[in-house]
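A.B. asks: Below are the sequence and a predicted model for it; my questions follow.
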Amino acid sequence: MELGADYIDVELKVAHDFIKSINGKKPEKIKVIVSSHNYQNTPSVEELGNLVVRIQSTGADIVKIATTALEITDVARIFQITVHSQVPIIGIVMGDRGLISRILCAKFGGYLTFGTLEAGVVSAPGQPTIEDLLNLYNFRQLGPDTKLYGIIGKPVGHSKSPMLYNEAFKSTGFNGVYIHLLVDDLAKFLQTYSSADFAGFSCTIPHKEAAVKCCDEVDPVAKSIGAVNCIIRSQSDGKLFGYNTDYVGAISAIEDGLRVRYNINGTAGSPLAGKLFVVIGAGGAGKALAYGAKQKGARAVIANRTYERARELAHIIGGDALSLADLARFHPEEGMILANTTSIGMQPNIDETPIPKNALKYYSLVFDAIYTPKVTRLLREAEESGATIVSGLEMFIGQAYEQFERFTGLPAPKELFRKTMAKC
């Protein structure tokens, strides 16, 4: 108090004694925050409500509750408390699964949030930096009418999507925020956050196939692929609509790479026609690329760690299957196309690659869906072996155009997207 602090944060256990000791001595401008920290879990709404009453009874100017997220759905209980609170309240859910509590507090009635001055130097788990709060999430522009969008995945912290979409939202004046959403159970997440405020989501590993079952309606292309990477919630009736924008961005980028390599005119049909197109991975992205390649007249081969999964997908799309272990010895012809859709080689495991370097000489073009790092070991070795390489960045930007337009109803700022990703 003597140093002129605006706020004093006191733990609930000692709050009664502390407030009693400063009775009559506290300057008007100083506000006392009384805090309760739970490092185990997030209690029920009823228990949290009782806790608010207990904290208020100490004479606190501001109530602060910090709990721990075991699942991202735990945060909904804190939002329920803060949005209906009649007193100034801070509600924080600690941990990576609680990130949305720190960013959306202004939307759901929170008094303030906490950020760290330096990345990695946190006073509680899951704290974003002040710079990210202000510049990445545009925190000062968020309010009750802000729509929430996000990238659903596990893991998800590596994704550059928030950088891309938030910059685009800001430039177009769209009142939305886009956040990393670390989700364990997709169906539970969508049921818990079912209001129109949670307006749209991108889906990544491992939720793309589960998303098909979670949507009320699925676009015919996404249904054929068996994977959804974009979910839109109808603002009129709350129904969930699923789309797949993965294959368009990836296939277009691969076609462009082949046209440059072989100096093919852009109007001369797809350069993929008749090519042997080898897809590594039988998950959502693998399905999307195999489907896209077949649509362009390519012959598809699916390679997967689990041969059964590869065979299932090959049967669906009308192609051949082999195990990932056999891929190194698979070279029935030269000039093949290779597309990696697995996370092998993604940060932090950047020294990994799905195929030995000596097998890459049989491919004319190699694509990697990974974009962190931009040039994976697979792409580096492919280029050294004489192949044209296409980064996952091209797929990422291509699929983002359509998602942005579905999210906002506005044309995608394509030039801004490229400039933003060039800075990453």
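C.D. replies: Great, that's in hand. The structure presented is a predicted model; accordingly, all values stated were derived computationally and were not measured.
A.B. asks: three-state assignment of the spatially most central residue of the chain?
C.D. replies: The chain has residue 151 as the residue nearest its centroid, 2.4 Å off, counting by C-alpha atoms, centre = their mean. Secondary structure assignment for residue 151 (DSSP: H, G, I helix; E, B strand; the rest coil): strand.
A.B. asks: That one contacts residue 158, doesn't it?
C.D. replies: No. Residue 151 is not in contact with residue 158 according to C-beta atoms under 8 Å; the separation is 10.0 Å. The C-beta positions use only the backbone N, C-alpha and C, and glycine is treated the same way.
A.B. asks: Tell me which stretches of the stretch 151-300 of the chain form strands.
C.D. replies: Per DSSP state E, counting those that start in this stretch, the stretch 151-300 of the chain carries strands over the ranges 176-182, 198-203, 217-218, 230-233, 240-243, 276-280, 299-304.
A.B. asks: which one of those strands is the most hemmed in?
C.D. replies: Stretch with highest mean neighbour count among those: strand 276-280 (a mean of 27; mean count of other C-beta atoms under 10 Å).
A.B. asks: what's the average pLDDT for that one?
C.D. replies: Mean per-residue pLDDT for strand 276-280: 98.
A.B. asks: ok, the residue nearest to the centre of the chain - contacts?
C.D. replies: By C-beta atoms under 8 Å, 6 or more residues apart in numbering, the contact list for residue 151 reads 159, 161-162, 178-181, 201-204.
A.B. asks: by contact count, what packs against the host helix or strand of residue 404?
C.D. replies: Counting by DSSP states H and E, the element that carries residue 404 is helix 392-408. In terms of contacts (3 or more C-beta pairs under 8 Å, 6 or more residues apart in numbering; DSSP states H and E), helix 392-408 is packed against helix 161-172, strand 198-203, strand 230-233, helix 246-262, strand 363-368, helix 414-422.
A.B. asks: So for residue 69, which of these sits nearest?
C.D. replies: strand 198-203 (16.5 Å; C-beta to C-beta).
A.B. asks: what sits up against that closest one?
C.D. replies: Identification of contacts with strand 198-203 by C-beta under 8 Å, 6+ apart yields 147-153, 161, 176, 181, 186, 211, 228-233, 235, 284, 403, 406-407.
A.B. asks: That one versus helix 161-172: what angle between them?
C.D. replies: 140 degrees (axes from the mean of the first three to the mean of the last three C-alpha atoms, to 10 degrees).
A.B. asks: Quick one: mean pLDDT for strand 198-203?
C.D. replies: On average, strand 198-203 scores 98.
A.B. asks: Check the offset of it from the chain's centre.
C.D. replies: 9 Å (C-alpha atoms, centre = their mean, to the nearest Å).
A.B. asks: Could you do stretch 86-105 as well?
C.D. replies: That offset, for stretch 86-105, works out to 19 Å (C-alpha atoms, centre = their mean).
A.B. asks: Now do the end-to-end distance for it.
C.D. replies: Length of stretch 86-105, first residue to last, C-alpha to C-alpha, to the nearest Å: 15 Å.
A.B. asks: now do stretch 292-305
C.D. replies: Using C-alpha to C-alpha, the end-to-end distance of stretch 292-305 comes out at 22 Å.
A.B. asks: quick one: low-confidence ranges for the stretch 151-300 of the chain?
C.D. replies: Along the stretch 151-300 of the chain, no part satisfies pLDDT under 70.
A.B. asks: same thing but 90
C.D. replies: The stretch 151-300 of the chain contains residues with pLDDT under 90 at 158, 205, 224-225, 246-249, 265-268, 284.
A.B. asks: Turn the helices and strands packed on helix 392-408 into CSV, including distance to residue 65.
C.D. replies: As requested, these are exported to CSV (distance: least, C-beta to C-beta, whole Å):
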stretch, distance to residue 65
helix 161-172, 26
strand 198-203, 22
strand 230-233, 28
helix 246-262, 40
strand 363-368, 44
helix 414-422, 36
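A.B. asks: Could you check the pLDDT of residue 140?
C.D. replies: 96.
A.B. asks: actually residue 23, not the one I typed
C.D. replies: 80.
A.B. asks: quick check, it in a helix?
C.D. replies: No. According to three-state DSSP, residue 23 belongs to no helix; its state is coil.
A.B. asks: Quick check: closest non-adjacent residue to residue 218.
C.D. replies: Leaving out its chain neighbours, the residue that sits closest to residue 218 by C-beta to C-beta, 6 or more residues apart in numbering is residue 242, at 4.3 Å.
A.B. asks: need the contact list for that neighbour.
C.D. replies: Neighbours of residue 242 in contact, by C-beta under 8 Å, 6+ apart: 211-212, 214-215, 217-219, 222, 228, 230-231.
A.B. asks: That one and residue 207, how far apart?
C.D. replies: 11 Å (C-beta to C-beta, to the nearest Å).
A.B. asks: what do those two both touch?
C.D. replies: Residues touching both residue 242 and residue 207 (C-beta under 8 Å, 6+ apart): none.
A.B. asks: For the closest residue to residue 192 other than its chain neighbours, give me the pLDDT.
C.D. replies: Counting by C-beta to C-beta, 6+ apart, residue 73 is the residue found nearest to residue 192 once chain neighbours are left out, at 4.2 Å. Residue 73 carries a pLDDT value of 98.
A.B. asks: Checking my notes, residue 73 in a strand, right?
C.D. replies: No. Counting by three-state DSSP, residue 73 is not found in a strand; it is helix.
A.B. asks: Grab the nearest non-local neighbour of residue 138.
C.D. replies: Counting by C-beta to C-beta, 6+ apart, the residue nearest residue 138 is residue 170, at 5.6 Å.
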